[in-house]
Every structure is written in structure tokens, then in C-alpha cells.
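1. Following is a predicted model, sequence given first.
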Amino acid sequence: MPVVTTRHMPSRTRYPHSAHRALTVLIALIVLAVPAGALGAKAPQLAKQPAQPGTLVQLPGARGCVADRSTPIKPCASARALQGPAPLLGSRAVALSPDGKNLYVAASDSDAIAIFARNARTGALTQRKGPAGCIAAKGAGGCAVALGLDGPNSLAVSPDGRNVYATSVRSAAVTTFRRNLATGTLSQASDGSGCISGQPIPGCVGGRALVGPDVIAISPDGANVYVGSFFGNAVAVFSRNKAGGALTQPAGASGCIATATSGCATGLALEAPEGMAISRDGKDVYVATALSEALVTLVRDTSTGTLSQATDGNGCIVTTPLAGCTQGTELNGADAVTVSPDNRTVYVTSLFSKSVTSFSRSSTGLLTQKPGTAGCLAFMRASGCSFGRALSAPEGLAVAPDGTNLYVASYAPGAIAVLDRAKQSGAVAQKPRQAGCVGAFPECSAAKAMSGLSSLVVSPDGRFVYAAAEKSNAVAIFRRTQ
């Protein structure tokens, strides 16, 4: 069985015992998730099948990928500040602006956010020279200067397109950037409003429940930002000033909900939050927690942004029985989560279960796992689930704007599973043969710059998919067939 390594946290970062346990379990999940012989497998020559709607085709030549200049990949275009993009800890490391003009990538090893201009017609990406092309800690690599951007792992763009927010696990920070609507470039305030951290960092203000901040999400009305703290077993709550984008954390229990953190509201099944999505109506925040093996439902007060959780079984669905939660299946190492465009289905990837699980959402936000094989699609297993391919280490998850397809990023050996989605029922099924996946698996269509694939996003117009790969130091670009 091959061993997949992950970078050690710097010695300057100290975590409590529970955090070390979380990291140890995460590494174990990664190792166990990779099937023997999966790495380095050579794809056989299979007969090409006619293109089906929603199938992914990598753009040709240099338009098909951009790679960091430190590790060039032929024929990918060269980029700066793109080392370690979309780290394994973080399933939302790529984000597109609402206008579709820019792609932003959290690059953990570069301590930076890479900025790309996007050609809406061709889908190709270009990076401007100098500070316009990236923002980084201490302005490394000729980028613009940022505070608190030490190991960024997730990011999000506000609905109005005026701000980009990022989490950084090593600096325990949430950073706020102003976005130039014309150019897409980023800048950060130096008055303390551009950085909130759980550690004492010069230039940043203090925050609570920010131990290993991971995933980040913004409410549809733009009024709140929510951050899942992987090592803190918590979700931090922030109010957003719509005029300038600055964040403030409410005092007391309104500012966070956690398994056991003084001053926060108490929540169930919140160990190691790694995925988060907000319902389209803004009424519910759904959190996937890796160590609790759970999908958590937090009810959002749309007037204040405060989160609360039911304890009667409606607030969490778990694999391992837990008082106050409902029993579910295939949620071991729960990771990314997304909500369908019609607001009626929620999907979750789980690293250790090697699965995609499906949940029906009621008009009141309650979730129930779909019955039988409709409730889970698992890698190389059909018992109780539908049969899935290219899902050995599922991480990122994205649904097409028209709701017809679901795309799943698999970290090792690096692939995207292509699923068809029934609009009425929300059920998913993998496309047959090569149309069902792209990447390093023998049965998939070939693709480049895909090693360590963790995060992906579909363009607002539904025509292109962008996927970031940590080990390749690259972003791969695909056309979505219509």
C-alpha cells in the first residue's frame, strides 16, 4: 500500500491534545484511502465514446492548465504564487468571482492567493505581472503584501464581488481583502480590519474559536461569514459590513458554536469541521465534520446570523451513534458539502468511506438521507450503495449551475468523477466508461496536472470547470460539454 505524505505543521504552531489527535487521524485517513497500485497506474488505450452533456474535456495545450514556475509541467502555462494550492486540509481552495472574470486560488506553500483573469469565451486563465497577479505574506514573489496569510487553505468571494475572504491554518486567521471590480486585484486594509486571528499577530485583531480555521462560507445575503475550525471543533460566526467588507465577531455565544469551547454555544458532532455550505435561502448552514463522521445542520437566524442546533435528532446525521443525532451511513471522514441549485438536496464527500452521500432537504431545512442505493455512491463497492469509480480519496465537490451534474475531486491519485444528477429526485449516477471520470485512473479519460486534486469549481455560466491540485502545484481547466 503506497503512503501519501502530508507536510508537518511548523513548530511555531501549537495545538491542544485534541488537535494533534485530529491531525493524526486525518493522516491515517489519507493513507488508508489510497488503494494499492493506484498511484502511477497507466491508462490503457480505450475506444473513445461520443461526448455526453456534462462530460469534461481538458482544454488543449497551455490553455488546459497553469502550474507554478518552480515545478513546470509541459505544456501548462507558468504561474506565480501557486505552490501547494488546495491543500488536503481545505476543500474550498478555489473560487470564482460572481461576474466570472476572476479565479482565486489559496496556495498554502506560497502563503499566497494567486489571482487569475478569466476569458469567459474560452475559459483560459492569465495572470498579471507583479502585485496584480497575487497577494502574499510579506509580498513574496513580487506579490502584493498581506497580513495573516500563513498557510491559506480555503477562500470565498462575497456575493457582491467586492471582497475575498481566506482562512489560514498556520496563522489561525481569517483575512479580508478588497476586490477591485474592474481588475480583480486584491488589497488589504492595514488598520486591523483586514485580519482576525486566534493568535497574537501584529496588525490583526483577536478572534475566538479559530484553532486551525479551515473551510469558509458566506451567506447569500452577504451579511455573515462562517468559518469551520478543524482543530477547534467549532464554527466561528462573523458579521460583515456590506459597505467595506470588514468582519466583526459578535460577543458571547452568538460568536461561535463548538463541541466544548468556553464562551461559545454548545453544539453536537462538531469534531473537525472540514466542509460547509449554506442553503440557497440562507436559513441553514450545513457542516461536514471529519472526526464526528457527521453532517451537521445549524439553523441560521437570518436577521442576526446567529447559529443554533436542534438536539432532537434533526441537528446532525452521524455514522457512529451519538445521543441527539440521527443515524446515517458512509460518513467516515466527512469532507466537502454542497447544496443543489434547487435547494432540495445536500451532497457530502467522505474521505474514509470513499463515498458521495445524498440527503433530501425539506422546505424547513431538515435533512434525511435518501433511501437505499440513492443515499450513497461508493468507490468499488455496491453493497448498500451504488457503484462508484475514481473515488479513492474524495475531497472537493461542485454542482453545475443548471443542476444536471455533480463533480467530485479525488485527491489520490488525482481524478474528477463525473456524475449525472436527476433534477426531480436529486439522485446521482456516474456516467459510464471514460465519460464518468478524468484523471489518473485507468478507466478515466487522460488529464494532466491532477496530482493531489482537492478543490474544484464550476464557472457561473456552467461552461468550464477549474480544479486545483496540491502535488502538481497547478490548476487544471476543463470544458464542460453541452
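-> Nice, I can see it.

2. what's near enough to touch residue 110?
-> Residues in contact with residue 110 (CB atoms under 8 Å, 6 or more residues apart in numbering) are 68, 81-84, 134, 136, 140-141. C-beta here means a position set from N, CA and C on the backbone, and glycine is covered the same way.

3. Mind checking which of those are in strands?
-> Of the positions in the contacts of residue 110, 68, 134, 136 sit in strands, assigned by DSSP state E.

4. Give me the neighbour count for the second one.
-> Under the neighbour criterion other CB atoms under 10 Å, residue 134 is assigned a count of 30.

5. Pairing partners for it in the sheet, please.
-> For residue 134, the beta-bridge partners under DSSP bridges are residue 114.

6. From residue 385, how far out is the closest residue to residue 254 other than its chain neighbours?
-> Nearest in space to residue 254, with sequence neighbours left out and distances taken as CB to CB, 6 or more residues apart in numbering, is residue 306 at 4.7 Å. From residue 306 over to residue 385 the distance is 36 Å, taken as CB to CB, to the nearest Å.

7. Which one of those two is surrounded by more residues?
-> Between residue 306 and residue 385, residue 385 has the larger neighbour count (other CB under 10 Å), namely 22 against 19.

8. who's in contact with the more buried one?
-> Residues near residue 385 by CB under 8 Å, 6+ apart: 329-330, 355, 373, 375-378.

9. low-scoring stretches of this protein, by residue?
-> Counting by pLDDT under 70, the chain contains low-confidence ranges at 1-51, 382.

10. how about the helices in it?
-> 17-33 (DSSP state H).

11. in the sheet, who's paired with residue 338?
-> Beta-bridge pairing for residue 338 (DSSP bridges): residue 347.

12. State the number of residues packed around it.
-> Neighbours of residue 338 (other CB under 10 Å): 23.

13. Next: residue 346.
-> Neighbour number of residue 346 under other CB under 10 Å is 26.

14. Ok, residue 198 next?
-> By other CB under 10 Å, neighbour count at residue 198 equals 22.

15. and the gap between the residue lying closest to residue 82 once chain neighbours are set aside and residue 469?
-> Using CB to CB, 6+ apart and skipping the chain neighbours, the partner closest in space to residue 82 is residue 68 (3.9 Å). Using CB to CB, residue 68 is found at 11 Å from residue 469.

16. for residue 446, same thing?
-> Separation of residue 446 from residue 469 (CB to CB): 15 Å.

17. Verify the stated contact: the residue nearest to residue 254 with residue 237.
-> Yes: Residue 306 lies in contact with residue 237 (CB atoms under 8 Å); the separation is 6.8 Å.

18. Overlap in contacts, those two.
-> Here residue 306 and residue 237 have 250, 254 as joint contacts, going by CB under 8 Å, 6+ apart.

19. contacting residues around the nearest residue to residue 287 once chain neighbours are set aside?
-> For residue 287, ignoring the flanking residues on the chain, the nearest one in space by CB to CB, 6+ apart is residue 296 at 4.3 Å. Residue 296 is in contact with 267-270, 273, 286-289, 309, 315-316, counting by CB under 8 Å, 6+ apart.

20. C-alpha coordinates for stretch 186-193, PDB please?
-> Only the C-alpha atoms of stretch 186-193 are listed here, as PDB (Å, rounded to 0.1, in the frame of the first residue of the first chain):
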ATOM      1  CA  LEU A 186      -6.800  42.300  -4.100                       C
ATOM      2  CA  SER A 187      -5.700  44.700  -1.400                       C
ATOM      3  CA  GLN A 188      -5.900  44.500   2.400                       C
ATOM      4  CA  ALA A 189      -6.600  47.200   5.000                       C
ATOM      5  CA  SER A 190      -3.700  47.900   7.400                       C
ATOM      6  CA  ASP A 191      -5.800  49.300  10.300                       C
ATOM      7  CA  GLY A 192      -6.600  45.900  11.800                       C
ATOM      8  CA  SER A 193      -9.800  45.300   9.900                       C
END
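
21. Buried residues of that stretch, list them for me.
-> The neighbour-count check on stretch 186-193 (16 or more other CB atoms under 10 Å) flags 186, 188-189, 193 as buried.

22. Which one of the residues you listed is nearest to residue 348?
-> Nearest to residue 348 among the buried residues of stretch 186-193 is residue 186, at 30.7 Å by CB to CB.

23. Who are the contact partners of the closest one?
-> 104, 113, 115, 135, 144, 164, 177-180.

24. PyMOL command to pick out the buried ones of the residues you listed?
-> A single PyMOL command selects the buried members of the contacts of residue 186 (16+ other CB under 10 Å):
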select buried, resi 104+113+115+135+144+164+177+178+179
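
25. quick one, strands of the stretch 1-150 of the chain?
-> Along the stretch 1-150 of the chain, counting by DSSP state E, counting those that start in this stretch, strands occupy 56-58, 65-68, 77-79, 94-96, 102-107, 112-118, 125-126, 134-137, 144-146.

26. just so I know, which of these lies nearest residue 431?
-> Of all those, strand 56-58 sits nearest to residue 431, with 9.8 Å by CB to CB.

27. Could you please name the strands that closest one pairs with and the direction of each pair?
-> strand 474-480 (antiparallel).

28. pull the CA atoms of the partner strand into CSV?
-> Coordinates of each C-alpha in strand 474-480 appear next as CSV, following Å, rounded to 0.1, in the frame of the first residue of the first chain:
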residue,chain,number,x,y,z
ALA,A,474,-1.3,23.5,-10.7
VAL,A,475,-4.9,24.4,-11.8
ALA,A,476,-6.4,22.2,-14.5
ILE,A,477,-9.0,23.6,-16.8
PHE,A,478,-11.9,21.7,-18.4
ARG,A,479,-14.6,22.5,-20.9
ARG,A,480,-18.0,21.1,-19.9
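
29. Taking strand 102-107 as reference, get the angle to that strand.
-> Orientation check (axes from the mean of the first three to the mean of the last three CA atoms, to 10 degrees): strand 474-480 against strand 102-107 gives 140 degrees.

30. Okay, strands next: where are they in the stretch 351-482 of the chain?
-> Using DSSP E, counting those that start in this stretch, strands in the stretch 351-482 of the chain cover 355-361, 367-369, 376-379, 386-388, 394-399, 405-410, 415-421, 428-430, 437-439, 453-458, 464-469, 474-480.

31. so can I have a markdown table of those strands showing mean neighbour count?
-> What follows is the strands of the stretch 351-482 of the chain, written out as a markdown table (neighbours: other CB atoms under 10 Å):
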| stretch | mean neighbour count |
| --- | --- |
| strand 355-361 | 24 |
| strand 367-369 | 19 |
| strand 376-379 | 25 |
| strand 386-388 | 21 |
| strand 394-399 | 26 |
| strand 405-410 | 28 |
| strand 415-421 | 25 |
| strand 428-430 | 21 |
| strand 437-439 | 27 |
| strand 453-458 | 27 |
| strand 464-469 | 28 |
| strand 474-480 | 26 |
